[in-house]
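**Q** okay, here's the prediction I keep looking at, along with the sequence it came from:
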Number of protein chains: 2
Amino acid sequence: MTSTPIAPVDPKVLREVLDGRWAHVRRDARENLDDPDFLPVYGESMTEARERVTRAAKKLAESGRVVLGFPKEYGGQDDSGGSVTSIEMVAFNDLSIMVKTGVQWGLFGGALQLLGTKRHHDQYLRDVMSFDIPGCFAMTETGHGSDVQQLRTTCTYDPATQTFDLHTPHQAARKDYIGNAAKDGRMAVVFAQLVTQGTNHGVHAWLVPIRDEQGNPMPGVTIEDDGPKAGLLGVDNGRLTFDHVSVPRDMLLDRYGQVAEDGTYTSSIENETRRFFTMLGTLVRGRVSVGGSAGSATKLALDIAARYGEVRRQFAAPGEEREIVINDYLVHQRKLLPALAKTYALHFAQGELVSTMHDVQTAVHVHGQEIDEHAQRELESRAAGLKVAQTAHATQTIQMCREACGGAGYLQENRLPHLKADTDVFTTFEGDNTVLLQLVAKGLLTGYRDNFGSLDGWGRVGFVADMVRETVLERTAARGLIARLVDAVPGTDEVPMLERGWQLKMFEFREKHSLEGAIRRLRKNSTTEGMAPFDMFNDVQDHVLKAAQTHIERIVLESFVAGVDRTEDPAAQRLLDTLCDLYALSTIEADKAWFLEHGQLTPARAKLLTATVNQLLRELRPHLVTLVDGFAIPDAWKAAAILEEEAGRQEAMAARDAELRAQNGEATPNDTATDLDVPPGQ
Amino acid sequence: MTSTPIAPVDPKVLREVLDGRWAHVRRDARENLDDPDFLPVYGESMTEARERVTRAAKKLAESGRVVLGFPKEYGGQDDSGGSVTSIEMVAFNDLSIMVKTGVQWGLFGGALQLLGTKRHHDQYLRDVMSFDIPGCFAMTETGHGSDVQQLRTTCTYDPATQTFDLHTPHQAARKDYIGNAAKDGRMAVVFAQLVTQGTNHGVHAWLVPIRDEQGNPMPGVTIEDDGPKAGLLGVDNGRLTFDHVSVPRDMLLDRYGQVAEDGTYTSSIENETRRFFTMLGTLVRGRVSVGGSAGSATKLALDIAARYGEVRRQFAAPGEEREIVINDYLVHQRKLLPALAKTYALHFAQGELVSTMHDVQTAVHVHGQEIDEHAQRELESRAAGLKVAQTAHATQTIQMCREACGGAGYLQENRLPHLKADTDVFTTFEGDNTVLLQLVAKGLLTGYRDNFGSLDGWGRVGFVADMVRETVLERTAARGLIARLVDAVPGTDEVPMLERGWQLKMFEFREKHSLEGAIRRLRKNSTTEGMAPFDMFNDVQDHVLKAAQTHIERIVLESFVAGVDRTEDPAAQRLLDTLCDLYALSTIEADKAWFLEHGQLTPARAKLLTATVNQLLRELRPHLVTLVDGFAIPDAWKAAAILEEEAGRQEAMAARDAELRAQNGEATPNDTATDLDVPPGQ
């Protein structure tokens, strides 16, 4: 299993491979995104954090760095992919700023841009872009987060006054967790049930002033503060309650649904559910940004932990004077390296996603083409799936990095506590991860046919009737290469595990089998006499989510394979190829039971798998720091005291220990252990 | 697989079963531990938190509730088990108070009591107990946490002045993360290398004044603030640096090692390593307290998430008007119930541990008996293992509960952010979990023979020579019962999975096999030509830790089985029995790959296992709230706004929805979905 060692790689080469299509946006951020207000401040009060983050948002607006996604005619660049890449770079700084940015220019500004029409753009877009109108995206209610279609806020049209009556019917319908609401927001895009002429046309959005010029709440608007959160102290989340607030007719963001003076409702999309999900679908950027930002936080955490593990020493080896660097311990490598491999994998997958999103959105919103429904559904599913994968990976990995840095990892000055606390809500907002996994599953089960990206519990949709007859996996990246690799695998059990084709085949088999099994069970339940509709679904929920999970992992592997293939530098390609092996095999290892259960691994092969992963760790160990160097995170952004101090401290300790030994003769602690046995065989 | 439903159980009966040997301590806390200063305050600054926690510590001292472990002659109760149970109850309140309590009376006071002698007790113990002398436990250094034997601080005796010279040789040797240091501490128990007459006798402890009456640092003592941490804001952690501080001879805590006026060193324990670990071994209470407190935080998080899941509704079922309570979803049950089962299991294991600790410590420290080395080693190993299990479970479970509460779980007012951030360091302090697992493994490999609870990387100890020839698992609780259950299992594959004997057998087989495999590989490596001593161990590190992990899980299962057996009420016994099934089977399921790999599960049985776990979830679902009620956490301690609001909010929403439906006719959102298909078969 041993092979020639992997040659050293210049991290700059890795950086170029990782930087991809929006390299210029990344480069610009690394060179120019540099202000103390952008860095987290440790021990700040909530008030201080909020003030600093508001200042930072203004500075970002002035820099022009956050408005790339807006139309050129209003001063933007019509660059959807650039806008989310830009947020991904902001996320290496204080994550409160990333979220504030996402709220103002992604969600609030994005909704105004994509759900509004020219009169809204002309009147408001420049002030939104400049942060002169700070705004909120008021969708979630205390009682309804994931299930947006069930929002309880109503907005009822009255032809007599030509205004809408925006109303919160009860406490559970108040808008909650709304960023920019508690302190800064002057306007809000408010989502509510549109009722006119006695008919509810489903959820629409209005632009609603919530504070006057003096910062006082508008009449009928009650604003509460969500108070301190686990993290993101600089984001002013709050609650909005509307007591029969009068909203002029032209404040309806009416691209997808219009109300005439007399109250007649019109829309180019007749089916209400389809209309609703078309509107939501335009807002996919939010989810893509959260996934990318989770990736940035994960990279930073790994950067800190990998560098610390390179200088931190604990326990001396027999016969050695200095203690062992903790990155040399197998179980430490088992923590850091598979997480690092997955971070690379997700980075490549994110790159593919941003690129697809850019192309789909540019076609519709810049070139005015018709929406390609299938492409749009697939994009939404991919965005949901990667958001789940990236945020769950961030939560796990940052936690692991915190623990890998011991007590130092618990001090705010070493950044990891902020990274953990700030990203913690990423698994929840922009769609709860469990609910998003269901969305992914639904897309798979129905072949993206007319399921409108619905997040519901399936019960309301005729999912069984819609389910695909035949599950055909569509390859997503480097299709030709992947087909060749898979086809080249012989049909025997004894294929070497480092063969990429075998790895791909395992991922594909697992996904197809999980999906088919879920479909079989759902069909069976649907014909089971006496089974309640909810139970038909609920009985299989774990299986269905498993299918979604395996789908995401396959797509991520394909992206990594494509990324390795694109790498031109031979040394870098060799390193990334080995890292890709580690991603593939550690993912299979984590789900080894499934492969054993389904006859894809024999017990002997399962043991070989563990040995192979350990061998990959040994091969990659010397390149651990190079791999985090590849992320090219500027030192000025890291804000972790241990990175500055630890190396120097270790050298000082070694020097003084030697001195001490000279002074005290035999009396140094290391020597006291020599009264104990040495293992035989030496 | 269906059986008669489990009958309702009175939570009071569960509480009695759980309360166990120190029920009176728990009862007293529930009835009397009641002060606003004891509850977390959300949005507090670090300064405010520290001040409140100092006040709380004084009040706790006055209540007499935290000094149970001290000798009767000084006002304590000689009740070691009571003292850790008391801390476990304090931990339901603000965890900063628990840690402050643990530092003052557990670590600082405990070291004074157990390492000091009568003159120290007479002079200081009452003031320590009353908090008139707040103190520190200054062991960890910036450069050495887990590896205490390698501490670099020196304390060198000078017969001319009859004083010790306490000195920090370099920055990495400063005492770090020391609780009570940054603000309150007047004295510290400082651990350092004792050097006299040119010889280093290893780590000892001294009682050292660090601040004068006015609160200023003593001459030569530099005190720094560790600043804000991820959590535990109310604990004033700091750094202590000693610049040739003069310490009078009689301040050496000299129970285990004495220095005469002329500098002659004496000790009743000749072997330095044995002496060191005997000293450390007396301090086992700290680890036991951390494990118990992690358990309390876990229970509280589960209490909040389970109650919230019982009223929170999302997504309507077909044909139903109201949405589904999230506890009814299978994947929600898969999150909450196995975690709850494990929490019960760990509670019983903690009960056994505290009881054993009490008996071992009472024999030595109250009745003056000789230390039973084997019992002491086993106790330390058990304490280490359970600390790992409890704290890792807390980190996972509290995170899961936070996510299970969605956005609400991210608000400080709902308690979960504090629980997560405060307990996060529990996996690190009082011994890093990975290092502690190694300690457990070492005990197993050597049969607790002379390994002194060493935390080192094995290199220095002749562990291969010491390794046991035959691995015999010693059952730890309800031995007779467990033997009967295991012996009753027939030797076929097709034993029902709900048979307790089969479950126990699986746990035992896995442990024995893992341990024997690790030993085989270590022996093989030790005779492999050219293998560096460090690599001999490092190559097997993951396998060795796995053996430790399986050992802990077996002990925990045995404790749960014993707990069920002790339960007299038949309904409660039935419920706990089923919960114990869930603990056993979900633990086996989590490691299914191992059982498949080692021929203990066929693929068909592995699938049956998943189905059986799901069936157990269905059976236990109706008792979810009863099970958290069994923890008997007083409402006043919970400090979670959602518990107060959510139920009322849901009722209000249902009522207003009905009203709205009446007003709007067909125009309510729920009905809009009826244009979609209903699954066939209805």
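**A** It's in. None of the values given here were measured: they were computed from a predicted structure. Residues are numbered from 1 along each chain as shown, chains lettered A, B, ... in the order given.

**Q** the residue of the stretch 51-200 of chain A found nearest chain B: how many residues sit nearby?
**A** Nearest residue of the stretch 51-200 of chain A to chain B (CB to the nearest CB) works out as A:N200 at 3.6 Å. All C-beta spots, glycine's among them, are computed from the backbone N, C-alpha and C. Per other CB atoms under 10 Å in any protein chain shown, the neighbour tally for A:N200 reads 21.

**Q** secondary structure class for it?
**A** strand (DSSP: H, G, I helix; E, B strand; the rest coil).

**Q** with A:F560 instead?
**A** Here A:F560 is recorded as helix under three-state DSSP.

**Q** picking that back up, make sure the residue of the stretch 51-200 of chain A closest to chain B is actually in contact with A:Q193.
**A** Yes - with contacts counted by CB atoms under 8 Å, A:N200 reaches A:Q193, the gap being 5.3 Å.

**Q** pull out the buried positions in the helix or strand encompassing A:V628.
**A** Using DSSP states H and E, the element containing A:V628 is helix A:624-629. Of all the residues in helix A:624-629, those buried under the rule 16 or more other CB atoms under 10 Å in any protein chain shown are A:L624, A:T626, A:L627, A:V628, A:D629.

**Q** now do it: everything it contacts.
**A** Residues outside helix A:624-629 that contact it (CB atoms under 8 Å, 6 or more residues apart in numbering or on different chains): A:8-9, A:11, A:14-15, A:299, A:302-303, A:306-307, A:309-310, A:327, A:333, A:336-337, A:340, A:344, A:575, A:579, A:620.

**Q** again with stretch A:244-259
**A** Stretch A:244-259 is contacted from outside by A:111-112, A:114-117, A:119-120, A:155, A:157, A:161-167, A:189, A:194, A:196, A:201, A:204-208, A:218-221, A:261, A:265-269, A:275, A:278-279, using CB under 8 Å, 6+ apart.

**Q** okay, and which of these map to helices?
**A** The helices, defined by DSSP state H, take in A:A111, A:L112, A:L114, A:L115, A:R119, A:H120, A:R275, A:T278, A:M279 from the contacts of stretch A:244-259.

**Q** how many residues are close by the third one?
**A** Close neighbours of A:L114, defined as other CB under 10 Å, add up to 21.

**Q** wait, it sits on A:V284?
**A** No - applying CB under 8 Å, one finds A:L114 not in contact with A:V284, separated by 9.8 Å.

**Q** ok, the residue lying closest to A:G76 once chain neighbours are set aside to A:G368 distance?
**A** What sits nearest to A:G76 in space, not counting adjacent residues and going by CB to CB, 6 or more residues apart in numbering or on different chains, is A:F70, at 2.8 Å. Plainly put, A:F70 is 16 Å away from A:G368 if you go by CB to CB, to the nearest Å.

**Q** so for these two, which residue has more residues nearby?
**A** With neighbours defined as other CB under 10 Å, A:F70 and A:G368 compare such that A:F70 has more, 25 against 7.

**Q** quick check: A:D225 touching A:A182?
**A** Yes - if you go by CB under 8 Å, A:D225 and A:A182 touch, sitting 4.3 Å apart.

**Q** which residues are common contacts for these two?
**A** Common neighbours of A:D225 and A:A182 (CB under 8 Å, 6+ apart) are A:D236, A:N237, A:G238.

**Q** compare the residues you listed and tell me which is most surrounded.
**A** Neighbour counts for the shared contacts of A:D225 and A:A182 (other CB under 10 Å) peak at A:D236, which has 28 neighbours.

**Q** does that one really touch A:R211, like I thought?
**A** No - with contact defined as CB under 8 Å, A:D236 does not count as touching A:R211 (12.0 Å).

**Q** so what sits against both of these two?
**A** A:G185.

**Q** run a quick neighbour tally on A:T471.
**A** 18.

**Q** and it, which of the three is it?
**A** When classified by three-state DSSP, A:T471 comes out as coil.

**Q** ok, the nearest residue to it once chain neighbours are set aside - contacts?
**A** Nearest non-adjacent residue to A:T471, counting by CB to CB, 6+ apart: A:L515, 5.0 Å away. Applying CB under 8 Å, 6+ apart to A:L515 gives the contacts A:L444, A:L445, A:T471, A:A547, A:T550, A:H551.

**Q** quick one: the first one and chain B, what's the gap?
**A** Right, A:L444. Between A:L444 and chain B the computed distance is 17 Å (CB to the nearest CB, to the nearest Å).

**Q** what ranges does the stretch 401-550 of chain A have for its helices?
**A** A:416-423, A:433-446, A:463-466, A:479-487, A:500-526, A:533-538, A:541-566 (DSSP state H, counting those that start in this stretch).

**Q** a markdown table for those helices, including mean pLDDT?
**A** Shown next, in a markdown table, are the helices of the stretch 401-550 of chain A (pLDDT from 0 to 100):
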| stretch | mean pLDDT |
| --- | --- |
| helix A:416-423 | 98 |
| helix A:433-446 | 92 |
| helix A:463-466 | 71 |
| helix A:479-487 | 94 |
| helix A:500-526 | 95 |
| helix A:533-538 | 88 |
| helix A:541-566 | 97 |
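
**Q** looking at those, which is nearest to B:F38?
**A** Nearest of the helices of the stretch 401-550 of chain A to B:F38, taken as CB to CB: helix A:416-423 at 23.8 Å.

**Q** ok, that closest one near chain B or not?
**A** Yes - on the criterion CB under 8 Å from any CB of the partner chain, helix A:416-423 is in touch with chain B at A:L416, A:P417, A:K420, A:A421.

**Q** before I go, just wanted to say thanks for your time.
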